[in-house]
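sequence and predicted structure are below.
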Amino acid sequence: MNAGTDSEIERTIRENHPALIAYITAGDPSLEETREYVEALDRGGADLIELGLPFSEPIAEGPTIQAAINRSLEAGTTPGAFFDLVAGLETEAPLLVMTYYNMILQHGPDADPEPFVSRAAEAGLAGIIVPDLPAEESGPLRKACEAHGLDLVFIVAPTTDDERLDSIMERTAGFAYVQARLGTTGARADVSGATHDSLARLDEYPIPKAVGFGVSEGDHAAEIVSAGADGVIVGSALVDLIAESEDPAAALESKARELKAGAERGVPEPEQP
């Protein structure tokens, strides 16, 4: 397993348990505003922050994040500008990039992930999430990530069978991204029952587990942590605030505080002797 004490991401999750992992799309509606929003999430208590690098065919995303990606692309966000943004950010929370494998391969001249990973490390990113890359086909990217000290995080779906689960958990680093429900990303009104089943299946693996897809309220975070998660991942609910709030930065900071407090409420009380 790639994870270990040298993983900044894993260490952050363990030291800030239960962790809040926040996602927003870089460049939505502009890179300068993204800087402001990342700082707001950091102030609000996000322990890790995922920044989406926009790709024109985001197959894992629901309408909310697809719209954010479209806004970012229309604003002219490029990988080079993205890395410049990341390099200029100063946050307590480690930063990850979430993007698609095509974006990674296109960054260099020879369909090689090394140039992208090298630039990501230089910019200060701590990890990479690639929703469309099967763990079994991740060898070249994993090799590059290990060489540059970045964690490559994989997603576990509710339909992942036991054999594939072992394969994913052997390869994921930093944490296992547990998909709370089938389908694409998007805020939901409740926590899927599949979340409890998925976390129970992962009990035997020592790496931290964080649950995403559909988390939008403090009470959701509390339920997920009480079911055994080490962290909660929130994206669409935050992207909605960016699109709809009069003061997105203030709204994001407030929402982060709510979600972090909710996660902390989910920690079981210690048993009395």
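Okay, I see it.

what part of this structure, helix or strand, is modelled with the least confidence?
helix 193-201 (a mean of 81; mean pLDDT, DSSP states H and E).

what residues does that helix touch?
156, 158, 162, 165, 178-182, 209, 211, 223-224, 227-229 (Cβ atoms under 8 Å, 6 or more residues apart in numbering). (C-beta placed from N, C-alpha, C; glycine too.)

all helices for this protein, in order.
8-15, 31-44, 63-74, 79-88, 101-105, 114-123, 139-148, 162-171, 193-201, 218-226, 236-244, 248-265 (DSSP state H).

list the buried residues for the third one?
Meaning helix 63-74. 64-69, 71-73 (16 or more other Cβ atoms under 10 Å).

which one of those residues is nearest residue 25?
When the buried residues of helix 63-74 are ranked by distance to residue 25 (Cβ to Cβ), residue 68 comes first, at 3.9 Å.

and the residue nearest the centre of the protein?
By Cα atoms, centre = their mean, the chain has its centre lying nearest to residue 50, at 4.6 Å.

from residue 201, how far out is that one?
Look at residue 50 and residue 201: by Cβ to Cβ, to the nearest Å, they are 24 Å apart.

next one: residue 263
From residue 263 to residue 201 the distance is 21 Å (Cβ to Cβ).

pLDDT at residue 1, what is it?
Looking at residue 1, its pLDDT reads 40.

next, the buried residues of stretch 106-121.
Quick answer for stretch 106-121 (16+ other Cβ under 10 Å): 107, 113-121.

same question, stretch 149-166
150-158, 160, 165.

what's the mean pLDDT across that stretch?
Mean predicted lDDT for stretch 149-166 stands at 93.

what about the chain, any weak spots by pLDDT?
Where the chain drops to pLDDT under 70, the residues are 1-5, 58-61, 181-193, 271-273.

and residue 248, what does it touch?
Neighbours of residue 248 in contact, by Cβ under 8 Å, 6+ apart: 33, 37, 40, 241-242.

go ahead and build a ChimeraX selection from the buried members of those residues.
A single ChimeraX command selects the buried members of the contacts of residue 248 (16+ other Cβ under 10 Å):
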select :33,37,40,241,242
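
can I get the contacts of residue 248 in TSV including distance to residue 133?
Converted to TSV, the contacts of residue 248 look like this (distance: Cβ to Cβ, whole Å):
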residue	distance to residue 133
33	29
37	27
40	30
241	29
242	27
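
tell me which two of the contacts of residue 248 sit farthest apart.
Farthest pair in the contacts of residue 248, by Cβ to Cβ: 33 and 241, 12.3 Å.

one step back: which among the contacts of helix 193-201 gets closest to residue 268?
Nearest to residue 268 among those, with distances taken as Cβ to Cβ, is residue 228, at 9.4 Å.

so how far is residue 209 from the residue lying closest to that closest one once chain neighbours are set aside?
Nearest residue to residue 228 in three dimensions, chain neighbours excluded: residue 199, at 4.3 Å (Cβ to Cβ, 6 or more residues apart in numbering). Note on residue 199: its distance to residue 209, by Cβ to Cβ, is 6 Å.

returning to that earlier point: can you lay out the buried residues of stretch 106-121 as TSV showing distance to residue 44?
Output for the buried residues of stretch 106-121, formatted as TSV (distance: Cβ to Cβ, whole Å):
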residue	distance to residue 44
107	31
113	33
114	35
115	34
116	29
117	29
118	31
119	28
120	25
121	27
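
just those residues now: which is nearest residue 130?
For the buried residues of stretch 106-121, the nearest to residue 130 is residue 113 (9.3 Å; Cβ to Cβ).

look up how far residue 10 lies from that closest one.
22 Å.

over to residue 267?
Taken as Cβ to Cβ, the span from residue 267 to residue 10 is 18 Å.

between those two, which one's more packed in?
residue 10 (22 against 12; other Cβ atoms under 10 Å).

in a markdown table, list the buried residues of stretch 149-166 along with distance to residue 131.
Putting those into a markdown table (distance: Cβ to Cβ, whole Å) gives the following:
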| residue | distance to residue 131 |
| --- | --- |
| 150 | 17 |
| 151 | 15 |
| 152 | 12 |
| 153 | 10 |
| 154 | 9 |
| 155 | 6 |
| 156 | 12 |
| 157 | 10 |
| 158 | 15 |
| 160 | 13 |
| 165 | 17 |
